[in-house]
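*Asks:* could you work out the structure for the sequence below:
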Amino acid sequence: MKRREFLYKSTLASAAAVTLGTQIGLTRPVHAQSANDRIRIGVIGAGGMGSGDARAASHHGEIVAIADADLNHAEALKKHFGGKPLVYQDYRKLLEHKDIDVIIQGTPDHWHTKINVDSFRAGKDVYGEKPVTLTIDEGKLLCKTVKAEKRVFQTGTQQRSDKKFQTAIELVRNGRIGKLKRVLVALPYYSSWGGPFPSDGIAVPKELDWDLYQGQAPTKPYIPQRTHQIFRWWYEYAGGMVTDWGNHHMDIAHWGMDMDNSGPLSVEARAIFPNEGKPDCFNTPDRFYATLQYPNDIELIFYTVFAEKPGFFGSTGHQETSKEQLEWLFGKNPPIEVTGDENNKPNERNGIMFIGDKGRLFVNRGNVYGKPYEELKENPLPDNAWKTRPSTNHMKNFFDCVRSRETPVASADVEHHSIIPCHLTNISIKLNGRKINWDATKEEITNDKEANSMLSREQRKQYQVS
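*Replies:* Predicted coordinates:
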């Protein structure tokens, strides 16, 4: 019997034994796992998010192997787990282990899809970090491979398992703000102002396989600013804040709009590049404004909140944004919820605002805000109301699904559709604000051949995602 089938059947048997024990009055619970059927976990990418995810996963299985192009990360995580896990620099060696059931993937963005797909084909289930993909075509491949290989995949968009966001979505989907008219998706102003970064005389650390780290991206001279957390500010490896936090908040917006398996009709975006395209500088924008039209006459505004200016990952600091820049960025007659006037305070916090014809609701990682939420205790949702899927622990939801073979709350299909508007926003930005029309069924841009060619990126042959 295959190990995966054994784990599944042993869980069913244990559940049946617990039920029987309850029926005949036994007080000692029957545990679902023994030392021999404990889920075995491999970690690929052991930096910030990878190490955090590994710690969370260790409550549900045993960490047996770790791979990272930077051996310093792998060895540090090995030490945390008592020096027991095997360590590899090349993740492909880790995937050769037939007895590893699950992969925890916490790599830079440009590695997400290839490692996820390679893991599926090696017979592993995957918990993978967001943003779920680097390009839209990678998302198509991800969804196709998950289905073909019959794998379980969860994206690390943990807001799906947070009660605050679940409550807000239930209020919106059950009509407590009336007919949904507009959604604001607001991200904080994380600066990508930095550089130039000279590479002359900088040696690659002996613990780092620089060629492997670069993967599908074009070959560049080594500088520390291209690695680890700072990789976010380079288009070679990521999509800037548009995709980084964008995947989190756009996911909640799609959930509230009932667009988990759909997408926008059109996207038009503008952005400020703090380094103005200068060589050897961070090359992603840090301030942007996008207007997206959705079915059912819903408008979504996706933008940067200037009141929130956290320090973040290698930037020089926050640039001042002039009045002229703001007027150009927001365009003519932006919604008053964005800019505000003397009668309407603008939205000054990152999060998601749902605006209906009978009210509004705002939610972020702090709380839920708005009259429909304040009235919930006195006016609870009825028993037959639409409800979100129960999930209070994102990692646990994944491991529960590994055993049951059910689909997790942040599946490949759902998160592919959540990241698409973020990728489309970046495409419009790169094309100097050109409006692009999107066919969500065919998953293609219909009005602009150049834009449609940007659904994928050129890749180095030895690291192609296919």
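*Asks:* could you use CA atoms for every contact and neighbour count after this?
*Replies:* Will do.
*Asks:* where do the strands sit along the stretch 51-200 of the chain?
*Replies:* For the stretch 51-200 of the chain, the strands defined by DSSP state E, counting those that start in this stretch occupy 62-67, 86-88, 102-105, 125-128, 153-155, 180-188.
*Asks:* go ahead and name everything in contact with the next helix or strand after the longest one.
*Replies:* In the C-terminal direction, the helix or strand that comes right after strand 180-188 (DSSP states H and E) is helix 210-214. Outside of helix 210-214, the residues that reach it under the criterion CA atoms under 8 Å, 6 or more residues apart in numbering are 69, 90, 204, 219, 222, 237.
*Asks:* average pLDDT for whichever helix or strand comes after helix 210-214?
*Replies:* Helices and strands here follow DSSP H and E; after helix 210-214, the next one along the chain is helix 240-244. The predicted model assigns helix 240-244 a mean pLDDT of 97.
*Asks:* and for helix 240-244, what are the contacting residues?
*Replies:* 130-131, 187, 190, 232-234, 238, 284-286, 419, 422-423, 425-426.
*Asks:* list the buried residues of the strand or helix carrying residue 450.
*Replies:* Secondary structure from DSSP H and E places residue 450 in helix 449-452. For helix 449-452, burial by neighbour count (16 or more other CA atoms under 10 Å) applies to 451-452.
*Asks:* how about residues contacting it?
*Replies:* Outside helix 449-452, the residues touching it (CA under 8 Å, 6+ apart) are 427-428, 431, 436, 444-446.
*Asks:* pull the distance from that helix to the chain's centre.
*Replies:* The chain centroid and the centroid of helix 449-452 are separated by 25 Å under CA atoms, centre = their mean, to the nearest Å.
*Asks:* then stretch 38-58?
*Replies:* Relative to the centre of its chain, stretch 38-58 is centred 16 Å away, using CA atoms, centre = their mean.
*Asks:* do the same with stretch 89-97
*Replies:* Offset of stretch 89-97 from its chain centre (CA atoms, centre = their mean): 24 Å.
*Asks:* got it, and stretch 163-170?
*Replies:* With CA atoms, centre = their mean, you get 18 Å for stretch 163-170.
*Asks:* likewise stretch 138-157?
*Replies:* The chain centroid and the centroid of stretch 138-157 are separated by 13 Å, computed with CA atoms, centre = their mean.
*Asks:* contacts for that stretch?
*Replies:* The contact list for stretch 138-157 (CA under 8 Å, 6+ apart) reads 113, 116-117, 120-121, 123-130, 132-133, 247-248, 251, 394, 398, 401-402, 405-413, 415-416, 456, 465-466.
*Asks:* from those, which land in helices?
*Replies:* The helices, defined by DSSP state H, take in 113, 116-117, 120-121, 247-248, 251, 394, 398, 401-402, 412-413, 415-416 from those.
*Asks:* now do the same for residue 452: its pLDDT.
*Replies:* 98.
*Asks:* cool, residue 89 as well?
*Replies:* The model's pLDDT for residue 89 equals 98.
*Asks:* how far away is it from residue 409?
*Replies:* Here residue 89 is placed at a distance of 31 Å from residue 409 (CA to CA, to the nearest Å).
*Asks:* measure the nearest residue to residue 122 once chain neighbours are set aside to residue 42 for me?
*Replies:* Counting by CA to CA, 6 or more residues apart in numbering, residue 95 is the residue found nearest to residue 122 once chain neighbours are left out, at 6.4 Å. With distances taken as CA to CA, residue 95 is found 8 Å from residue 42.
*Asks:* and the two? Which one has more around it.
*Replies:* Neighbour count, other CA atoms under 10 Å: between residue 95 and residue 42, residue 42 has more, with 28 against 24.
*Asks:* can you confirm that one is in a strand?
*Replies:* Yes: with DSSP: H, G, I helix; E, B strand; the rest coil as the criterion, residue 42 is assigned to a strand.
*Asks:* show me what it bridges to in the sheet.
*Replies:* Beta bridges link residue 42 to residue 65, residue 103 when assigned by DSSP bridges.
*Asks:* go on, residue 438?
*Replies:* Note on residue 438: beta-bridge partners residue 445, judged by DSSP bridges.
*Asks:* phi first, then psi, for residue 421.
*Replies:* Main-chain torsions, residue 421, degrees, to the nearest 10: phi -60, psi -30.
*Asks:* was I right about it contacting residue 263?
*Replies:* Yes: look at residue 421 against residue 263 with CA atoms under 8 Å: they come within range, at 7.1 Å.
*Asks:* which of the two has more neighbours?
*Replies:* Between residue 421 and residue 263, counted using other CA under 10 Å, the more crowded position is residue 421 (28 against 24).
*Asks:* who are the contact partners of that one?
*Replies:* By CA under 8 Å, 6+ apart, the neighbours of residue 421 are 250, 263-264, 267.
*Asks:* now residue 58
*Replies:* Counting by CA under 8 Å, 6+ apart, residue 58 makes contact with nothing.
*Asks:* quick check: the gap between residue 380 and residue 168.
*Replies:* As for residue 380, its distance to residue 168 is 13 Å (criterion: CA to CA).
*Asks:* between the two, which one's more packed in?
*Replies:* Of the pair residue 380 and residue 168, residue 168 is the one with more neighbours under other CA under 10 Å, namely 27 against 12.
*Asks:* residue ranges with poor pLDDT in the stretch 351-466 of the chain?
*Replies:* Of all residues in the stretch 351-466 of the chain, none has pLDDT under 70.
*Asks:* tell me where it has strands.
*Replies:* Going by DSSP E, counting those that start in this stretch, the stretch 351-466 of the chain shows strands at 351-356, 359-363, 368-369, 436-439, 444-445.
*Asks:* partner strands of the first one, parallel or antiparallel?
*Replies:* What that stands for is strand 351-356. Strand pairing for strand 351-356, using DSSP bridges, gives strand 180-188 (antiparallel), strand 359-363 (antiparallel).
*Asks:* still on that earlier bit, among the contacts of stretch 138-157, the buried ones, what's the PyMOL command?
*Replies:* Buried members of the contacts of stretch 138-157, defined by 16+ other CA under 10 Å, are picked up in PyMOL with:
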select buried, resi 113+116+117+120+121+123+124+125+126+127+128+129+130+132+133+247+248+251+394+398+401+402+405+407+408+409+410+411+412+413+415+416+465
